[in-house]
Each structure stands twice: as structure tokens, then as C-alpha cells.
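> Pasting a predicted model and its sequence here:
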Amino acid sequence: VVCALSVLALVTEAVTVHKQHKHAFSSQHFLRHDGHAQKVYIIEHHKPSKHDPHKKVEHKYKHVDYYTHPKYKYGYKVEDHHTGDKKSQHEHRDGDSVKGYYELHEPGGTVRRVEYHADKHSGFHATVKHKTHHIIPKKHHHHQTKHHHKKM
């Protein structure tokens, strides 16, 4: 009995270790094309008054924030074989225009893809597409033993 329990424990551990060897995969990238935020100074000239012609000209600086043209690309991808989670997204922006898509692999084998774009003139638009992949179910063969009974 102890030997049988030891064998059962080893088999259970081997199956658990085997299942844990499937690795999840995840990746991402982000690429910015815009420059650094820059300070812009506006110089205001103040002339000396007529009362004191020898006084220096004063320069006053005024801080104004300026941001460069926004431009970027990014994406990510997840493939987790343990949970079955499989998805990805990609997006890029150039100024006021944003375009991208994301995909989600659903449990039944269908892939849902949403493609989108937006800009300040036409707003946000999205198109949903479905790709169907037929999953062939695994056949489990059950071995049946045939019993022959003698007639009496």
C-alpha cells in the first residue's frame, strides 16, 4: 500500500510539473517620435521713460509651455497557454489622427478584431470583424472491454 501511494505521488508530481512547463508569452513596444517639451520665451521691450534717458532697457521674460507635434507607435501581445488568454493591440498617432486595432482570441476559436481610427474632424470610428477558425475537438478513445457471457 505504501509503495502504491508513493508511485501515485510521483505520477501526480510528474503531471503537475509537465503542466507547468507551458510558458506564457507577453511583449510590448512603444516608440515616440515627438521631441522634448521646449520653453518659449517672449521678450517684451520696455523703453526708458522720457524722464530718465540713461536708464537701461529692461527685458522681461514670460514662460509659455509649448509641446511638439504628438507622434507615437505602440503595441503589445499576450499569449498565455495556461489560461488561454491570447490578445494583442497596436496603435499609432500622428498629430490629431489616431489609428489602431486590437485582437482577442475567444474561447470558441473565433478571433475578434476591432480596427479604429479617430481625428478631430470626423470623430471616433470602429469596425468589428470576426474570423472563425474551426477547432477540431480531440477525440478521446475509450477502450471498452468486451465481456462474453456463456449461456446456461
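Ah, there it is. Numbers count the residues shown, from 1 in each chain.
> Please, which helix or strand holds His125?
Using DSSP states H and E, His125 maps to strand 123-132.
> avg pLDDT for that strand?
Across strand 123-132, pLDDT averages out at 95.
> what packs against it?
strand 110-119 (3 or more C-beta pairs under 8 Å, 6 or more residues apart in numbering; DSSP states H and E). For every residue, glycine as well, the C-beta is placed using N, CA and C.
> helices or strands up against the strand it packs on?
strand 97-105, strand 123-132.
> low-confidence ranges in this protein?
1-22, 24-61, 63-66, 133-152 (pLDDT under 70).
> what sits up against stretch 108-126?
With contact meaning C-beta atoms under 8 Å, 6 or more residues apart in numbering, stretch 108-126 is reached by 96-106, 127-135.
> Who is Ser97 paired with across the strands?
Beta bridges link Ser97 to Asp94, judged by DSSP bridges.
> could you list every residue that touches it?
Applying C-beta under 8 Å, 6+ apart to Ser97 gives the contacts 117-119.
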